[in-house]
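J.: pasted the sequence and its predicted model underneath.
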Amino acid sequence: MTRSKGKTHQVQAGDSGGNYVGKAVRRKEDDRLLRGLGRYVDDIDPARQLHASVVRSMVANARITNIDVEAARSAPGVHLVLTGRDLGDLNEPLPLLAGHPSLIAAKTQRPLAVDRVRYVGEAVALIVADTRYLAEDAAELISIDYDILDPVVDLGEASSTSAAVHDDVPGNVAGVVTDGVGDPDSVFASAPYTAKLRLSLERTGGMPMETRGVLADWDPRERMLRVWDSTQAPVAIKHGLCRMFGLSSQQVEVIAPDVGGGFGTKIMLFYPEEVLVPFAARALGRPVKWIEDRWEHFVSANQERGQIHDAEVAFDAEGTILAVRTNFVHDTGAYIPYGIAVPANTLTHVLGQYAVKNYAAKATILYTNKPPVSPYRGAGRPHAVFTMERLIRTVAAKLNMEPYEVRLRNLVPADAFPYDVGLTIDAPIRYDSGNYQAGFEKAIHHLDPAGFRKAQEEARARGRYLGMGICAYIESSGPGPYEGCAAKLTDAGTVVLDVATASQGQGHATSFAQIAADSLGAGIDDVVVRGGDSGKVDFGIGTFGSRSLLLAGNAVAVASERLRNKIAAYVSELFECSHDDLEFSEGQVSVKGAPGQSISLAAIAALANAYGYPVDKPLKDDPAVLEKLRERAANVATPPVFTEDGYFGVGQQLFGSGVHAAIVEVDPEVGAVDVQKYVLVHDCGVVVNPTIVEGQVLGGLVQGLGGALLEVLPFDEQGQPQATSFMDFRMPSIEGLPEIILDHVETPSPLNPLGVKGTGEAGAIPVAAVLAEAIEDALSPFNVFIDRMPLLPHQIANLVTQTPQEASIDDSGVVDAKSDEHK
C-alpha cells in the first residue's frame, strides 16, 4: 500500500480475543489532554508557595575554595540559601542503583557539591525566594572561587590521561564488566575470515517536552510531606524520602501528576532537586517549587549513548558467523548512579537474533567530566545493534552477499525457543519466544530488495544516490522485581485500578482498563486507572525498561481475576448457583440460561454499605432476592468489600524483537539524507491495543531518526557543553518523516498470563544501524565506510571527499577498519 510521505500504513495485529484486548480502543486520556486539561507539576500552585533556583557549576572540573552566599541571603524576597554544608548528614552521596561486583569505584553525586565540582551544571547551592525571578537575581550574588583542574573529556583518552575526575580513582575506571560464551579465542585462531572495526556512538539526551520539576509541601500539624514530582517512579521516590528524612511511609506522599515525557531521563533515584526541594519545604514550613529550565536540562539532566567499540567477527565462506568479540569503553559521566545498567545492556544484546555460540565482551566504564549517564530510550541496546550489524555488513562485503542474506543464514531458528544465549551477567539470558524468520520475511516483502536494486541502478544513471539498509534487534523488557495493582468495585459500578506505574504517554489508562474490563465484563468507560500516586498504592517500582504492560498489566490481570472471583462467590451464594454458571458481561453478572437472574456490578458493590441495598429493577421484581439483600446489608459485622490486590513478577526479562529497513537518498555534495521509506516489523507478544503499540513504536522511531541524523551533545576541550538550546540541538519534525510501514509478528510469551512483551524502546533501538547501512549503500560508488553515529550532513560530505574508509581485506582474510573516535 502506497502512502504519501510522512504517512503511516499499519498492518493490523490479530485480534487476541475478549471484548477489548487486541482491539484499537481509542485512548481514554487523550480527550482530556488535547483539551488542555492535563495537570503537570507547574500547574499546581498551593497557597504561600515559594520558588527555588539552583546555582550550578560553570566549570567542568575544579576544587571549590570558597562559597560566599551572604549577599544572596540578604537579597529582596529571599527566604533560604542552602549550600552543601547547610544540609548536614543529608548531603551524603545519593543512592547507587544497580550495584554490581564489577564496579571498582562507584561514585554518586551529593545533593550539593562541597569541595569539588565535576561537570558543568553540577548543583552547588539552592536559593528559595518569593518568585523564580528573585531567586535567580539572588543567584547572581553568590560568589564561588574555583581552583580549576584539567578536565577529562575525550572518552578515548579517559583511561590514559593524567587528569582525574575523582582523585582516588586510578585511570578514571569505575568498573569493568565481562561476559561471554563458548571459546571465541580458539575460533578466531582458526577461522577462514576475521574482521575488526572501531565504532562509536555519541552522547544525546531524552529532551522531554516537559522538563523536570519538583513541588514539596510540609504540613507541620500532620507532620506530612507531600511531593509532586515529574518522575517515572513516584513510589520509589517516596520510600527513598522516608529513609532520608526519617519519616514513616504514612508521613510521605509522592505524586507524579501528568508527566510530559520521560524516556528514562526522569527515572533517576535521586536527582539532587528531589532531595533539596523537600528539605527546603520542611525548613521553611511552606510549599517550595522548582521547575527546570531548558538550559538546566541540557547541562544537568542525565544523558546517554557515548561508547567506543573495538569489535571483531569470525566467519566462513558461506557467511556463517562463527564468533564475535567486542571490547568497549562506556562514558558514564562524572558519576555512576545506575551502576552497570547501560553497558550491561550492550553486552547482553550484541548477539541479538543471531545464533552465535562463541562470544566474548568486555566493557570498561570510565568517568569523564560530563553530566552523569542513566538509561535513555534504548539504554545500551542501540550500541549493541550498531556493533553487530556493522560487523554483518562487513561480512557481506567480503563475501559479495546482500547483508540481509547473511542475517537470514544466522538467525536463531523458530523451533529453538526458549533459547539460552549463554550469558549470565545478573541472570541467565534466555529468549522466551520469537519467530525471527517471519519478521525478516515481512520486512523483505515490504522493502522489495530486488525491485529496489533495479530502481537504485536507474537512479544512479541519473546522478541520484539511493541506498537500502535492513537490520534486526532484540529488546529485553520487564526488569523486575514486580509491580502491583489494587482493584476496587465502587458502588457506582465502576472499577478503580490503582497502580504504582506513572504514565508519560504510554496509554496506561486505556490498556490497563482493557485488561480489567475483559476480566470483569465491565464497559471500558467504567474502568478508571489511577497511576503515579504513592498514597493510593504502597508497593511498586516505576515506569521504565519497557516493563509497565508486562508487569503492571499482568498485576492488573491478577487483581481483576481475584476481584472477579470475589464477586462470583457472592453472587453464586445470592442466586444459589455454581461459579461456573455465572457470566460477566456488559456490567452485569448473570446466571446462564436463567432470565431475570442477573445483578449489576453497581448493585453488588452497593452491598458493601451495611446500611443500604441496591434497587435494580430486575431485583425489585424478586422479593426473595430483595430479602436476601436486606439481610446481607443488615449484617454490619461482615459487609462484603469488593477490593483485591494483585502483584506480578516474572523472574527474568522477556525479549521482544523486530526488523527495521529503510530506503534513503543521499546528496553526496552536501551530505543531506532523505529517508524515503521506513519499514518496522516488531514482535511484542500479544498486542493489547494496536493503536498504543503503534504510537510507542513510531515515537521510538522518530527519536531514533533524530539520534542517527541530527542530535548530538558535544563538549569542547574544557568540558563546556556546546549544545545548550534547541538552536544547537536539532530534533526531527513532522516535515522530515518518511513513508512508514508498520507490521507485526505475534509470538506470545509463555511466561505471563497476558502473553505480552515490552515494546517501549523497540522503535529507537536499530535506527542508527539501519541508516548507517542505507547511507553506506547509497554512497557505495565512493567507497565509504560508516563507523559512527550520529552522522551529520557535513560529516557525510567529508566521507565522500576524504580518503576512503572502507574496510580493507588482505590476502589472509583479515578485515580491518578503524578511525578516530569523537569526543
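T.: Happy to help now that I have it.

J.: C-alpha from now on. contacts and neighbour counts both.
T.: Fine.

J.: neighbours around residue 735, how many?
T.: If you count neighbours by other CA atoms under 10 Å, residue 735 ends up with 8.

J.: scratch that, residue 148 is what I was asking about
T.: Around residue 148 sit 14 other residues, with neighbours defined as other CA under 10 Å.

J.: next one: residue 244
T.: Neighbours around residue 244, by other CA under 10 Å: 15.

J.: tell me the SS of it?
T.: When classified by DSSP: H, G, I helix; E, B strand; the rest coil, residue 244 comes out as helix.

J.: could you measure it against residue 43, distance?
T.: Relative to residue 43, residue 244 is positioned 27 Å away (CA to CA, to the nearest Å).

J.: check which helix or strand covers the nearest residue to residue 648 once chain neighbours are set aside.
T.: Excluding the flanking residues, the one nearest residue 648 by CA to CA, 6 or more residues apart in numbering is residue 555, at 4.9 Å. Using DSSP states H and E, residue 555 sits within helix 554-575.

J.: next secondary structure after that helix?
T.: Per DSSP H and E, the first helix or strand lying C-terminal to helix 554-575 is strand 582-585.

J.: okay, residue 545: pLDDT?
T.: On the pLDDT scale, residue 545 is placed at 78.

J.: you'd agree it is up against residue 475?
T.: No: using CA atoms under 8 Å, residue 545 makes no contact with residue 475, being 9.4 Å away.

J.: now the common contact residues for the two.
T.: Here residue 545 and residue 475 share the contacting residues residue 761, scored by CA atoms under 8 Å, 6 or more residues apart in numbering.

J.: ok, those two, which is more surrounded?
T.: More crowded of residue 545 and residue 475, by other CA under 10 Å: residue 475, with 29 against 24.

J.: in contact with residue 527: list those residues for me.
T.: Going by CA under 8 Å, 6+ apart, the list of residues near residue 527 reads 494-497, 513, 516-517.

J.: of these, closest to residue 197?
T.: Closest approach to residue 197 among those (CA to CA): residue 513, at 48.4 Å.

J.: what number of residues lie near that closest one?
T.: 29.

J.: low-confidence ranges in the protein?
T.: Along the chain, segments meeting pLDDT under 70 span 1-18, 607-640, 803-823.

J.: contact partners of stretch 433-447?
T.: Residues from elsewhere that reach stretch 433-447 (CA under 8 Å, 6+ apart): 353, 408, 411-414, 417-419, 655-662, 679-683, 741, 743-745, 747-750.

J.: enumerate the positions of it that are buried.
T.: Buried residues in stretch 433-447, counted by 16 or more other CA atoms under 10 Å: 433-440, 442-444, 446-447.

J.: mind putting the residues you listed into CSV with secondary structure and distance to residue 167?
T.: Shown next, in CSV, are these (DSSP: H, G, I helix; E, B strand; the rest coil; distance: CA to CA, whole Å):
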residue, secondary structure, distance to residue 167
433, coil, 47
434, coil, 48
435, coil, 50
436, helix, 48
437, helix, 51
438, helix, 53
439, helix, 50
440, helix, 50
442, helix, 54
443, helix, 51
444, helix, 53
446, helix, 55
447, helix, 54
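
J.: ok so, going back, out of the contacts of stretch 433-447, list just those in helices.
T.: Judged by DSSP state H, the subset of the contacts of stretch 433-447 located in helices is residue 408.

J.: buried residues of stretch 236-252, list them for me.
T.: 236-242, 247, 249, 251-252.

J.: equivalent analysis for stretch 386-404, please.
T.: 386-396, 398, 403-404.

J.: next one: stretch 141-155
T.: Using 16+ other CA under 10 Å as the test for burial, stretch 141-155 gives 141-142, 146, 149-155.

J.: turn the residues you listed into JSON lines, including distance to residue 642 and secondary structure.
T.: Listed next are the buried residues of stretch 141-155 as JSON lines, based on distance: CA to CA, whole Å; DSSP: H, G, I helix; E, B strand; the rest coil:
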{"residue": "141", "distance to residue 642": "59", "secondary structure": "coil"}
{"residue": "142", "distance to residue 642": "58", "secondary structure": "coil"}
{"residue": "146", "distance to residue 642": "62", "secondary structure": "strand"}
{"residue": "149", "distance to residue 642": "64", "secondary structure": "coil"}
{"residue": "150", "distance to residue 642": "64", "secondary structure": "coil"}
{"residue": "151", "distance to residue 642": "61", "secondary structure": "coil"}
{"residue": "152", "distance to residue 642": "59", "secondary structure": "coil"}
{"residue": "153", "distance to residue 642": "59", "secondary structure": "coil"}
{"residue": "154", "distance to residue 642": "60", "secondary structure": "coil"}
{"residue": "155", "distance to residue 642": "57", "secondary structure": "helix"}
